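Student: Predicted model follows, preceded by the sequence.
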Amino acid sequence: MKKVSLIIPCYNEEQALPIFAGELDKVRQELRQYDFEVLMVNDGSSDKTLETMKKISEEYDYFKYLSFSRNFGKEAAMYAGFCNADGDYVAVMDADMQDPPSLLPEMLGILEQGEYDSVATRRVTRKGEPPIRSWFARMFYKIINKISDADVVDGARDFRLMKAEMKDAIVSMCEYNRFSKGIFGWIGFRTKWLEYENVERVAGETKWNFWKLFKYALDGIINFSEAPMSIASGFGIFCTFVAFVMMLFFFIRKLVWGDPVAGWPSLVCIILFVSGLQFLCIGIMGKYIAKTYMETKSRPHYIISDTNKDDVNKIN
């Protein structure tokens, strides 16, 4: 009997978790030929998510919980799940029902055919999402695919089912600054994309506001592309060239017409413009240095303080 491990990152999901567990158990009844393991990862929730997890694990013995000592972020929660999942097939799902458990039978059927190593999902619509947020999301996918070697599909969800070999490859990428959508694409493997209509949350509120998504997008670009550094270098070369041309122009103007160099307001504007470019370039380089600094510290991605699962990697 093959085993299916499901990783469920949770942050303040006490309302959605019972609904998710009930729907997932219905799907499990249809897939009795598989042994299921559900790893609920509590990412330092401030509500009663942990208590809800414990109740669910008592009701369904194949549900296990891993609780962090504090909030480490969704990427760390996913990585903790990958490090502790031992199934033949491994999937990542959200607890808010935006990743429908009803898709699991079809996804398992595709992998059983042997042609693909993973089945990934993508939304074909962004119904219910603010238009400005949807526009920025589409622009992000276009930009990161042009400037990096990470294959990130527009509308891609973290919800995907993969073989153990692909999971092992993800675990081997132990970088501290993680961007899973980019990692999934970078490691390759044969992937089947499964499209579905966008589903609203069943309970609770989204944890991703515009600013958090913007920072997440920047992290993704910096983690998988050197293009911002190249752009900063290009700005420096351009400004140096313009400055040289202007110096030559004013020198010739003085020799030929004898006109003094006038217009201090324009000079101030040029100085401010160039200074702004310098600060921008320094800031871009600073982001890369900060990422390198965090990598060299070799701090653990997560610390598990409470769990009901045996043989857990509590610190990694």
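Tutor: Looks like it arrived, so ask away.
Student: where in the stretch 1-150 of the chain is pLDDT low?
Tutor: 125-131, 133-137, 141, 144-145, 147-150 (pLDDT under 70).
Student: So which residues of it form strands?
Tutor: Ranges of strands in the stretch 1-150 of the chain, per DSSP state E, counting those that start in this stretch, are 3-10, 35-42, 63-68, 89-92, 118-123.
Student: likewise the stretch 151-300 of the chain?
Tutor: 156-163, 191-196.
Student: Need the winner for burial among those strands.
Tutor: By mean neighbour count, with neighbours taken as mean count of other C-beta atoms under 10 Å, strand 156-163 ranks first of those at a mean of 22. No exception for glycine: its C-beta is placed from N, CA and C like everyone else's.
Student: I'd like the average pLDDT over that one.
Tutor: In this model, strand 156-163 carries a mean pLDDT of 86.
Student: In CSV, list the strands of the stretch 151-300 of the chain along with distance to residue 124.
Tutor: Formatted as CSV, the strands of the stretch 151-300 of the chain follow (distance: least, C-beta to C-beta, whole Å):
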stretch, distance to residue 124
strand 156-163, 11
strand 191-196, 5
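Student: With respect to burial, which of the strands of the stretch 1-150 of the chain scores highest?
Tutor: Of the strands of the stretch 1-150 of the chain, strand 89-92 is the most buried (mean count of other C-beta under 10 Å), at a mean of 26.
Student: if we look at that strand, which residues are touching it?
Tutor: Residues from elsewhere that reach strand 89-92 (C-beta atoms under 8 Å, 6 or more residues apart in numbering): 2-7, 9, 78, 81-82, 104, 107-108, 111, 158-164, 166-167, 180.
Student: what's the spacing between it and its chain's center?
Tutor: 16 Å (C-alpha atoms, centre = their mean, to the nearest Å).
Student: Spell out which strands sit alongside it in the sheet and which way each one runs.
Tutor: Using DSSP bridges, strand 89-92 pairs in its sheet with strand 3-10 (parallel), strand 156-163 (antiparallel).
Student: ok so, going back, want to throw the strands of the stretch 1-150 of the chain into a markdown table with distance to residue 289?
Tutor: Output for these, formatted as a markdown table (distance: least, C-beta to C-beta, whole Å):
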| stretch | distance to residue 289 |
| --- | --- |
| strand 3-10 | 29 |
| strand 35-42 | 31 |
| strand 63-68 | 28 |
| strand 89-92 | 31 |
| strand 118-123 | 33 |
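Student: and residue 274, which of these is closest to it?
Tutor: strand 118-123 (43.1 Å; C-beta to C-beta).
Student: What is the closest one packed up against?
Tutor: Here strand 118-123 touches helix 104-112, strand 156-163, strand 191-196, going by 3 or more C-beta pairs under 8 Å, 6 or more residues apart in numbering; DSSP states H and E.
Student: rewinding a little: with respect to residue 219, which of the strands of the stretch 1-150 of the chain lies nearest?
Tutor: Here strand 3-10 is closest among the strands of the stretch 1-150 of the chain (C-beta to C-beta), at 16.7 Å.
Student: what about residue 29, how many neighbours?
Tutor: 8 (other C-beta atoms under 10 Å).
Student: still on that earlier bit, relative to residue 254, which of the helices and strands packed on strand 118-123 is closest?
Tutor: Per C-beta to C-beta, nearest to residue 254 of those: strand 156-163, 59.5 Å.
Student: Low-confidence regions, the stretch 151-300 of the chain specifically.
Tutor: Using pLDDT under 70, the flagged stretches of the stretch 151-300 of the chain are 151-152, 154-155, 198-214, 216-217, 220-221, 223-226, 258-266, 268-269, 272.
Student: Which stretch among the strands paired with strand 89-92 approaches residue 309 most closely?
Tutor: Of all the strands paired with strand 89-92, it is strand 3-10 that lies closest to residue 309, at 10.9 Å by C-beta to C-beta.
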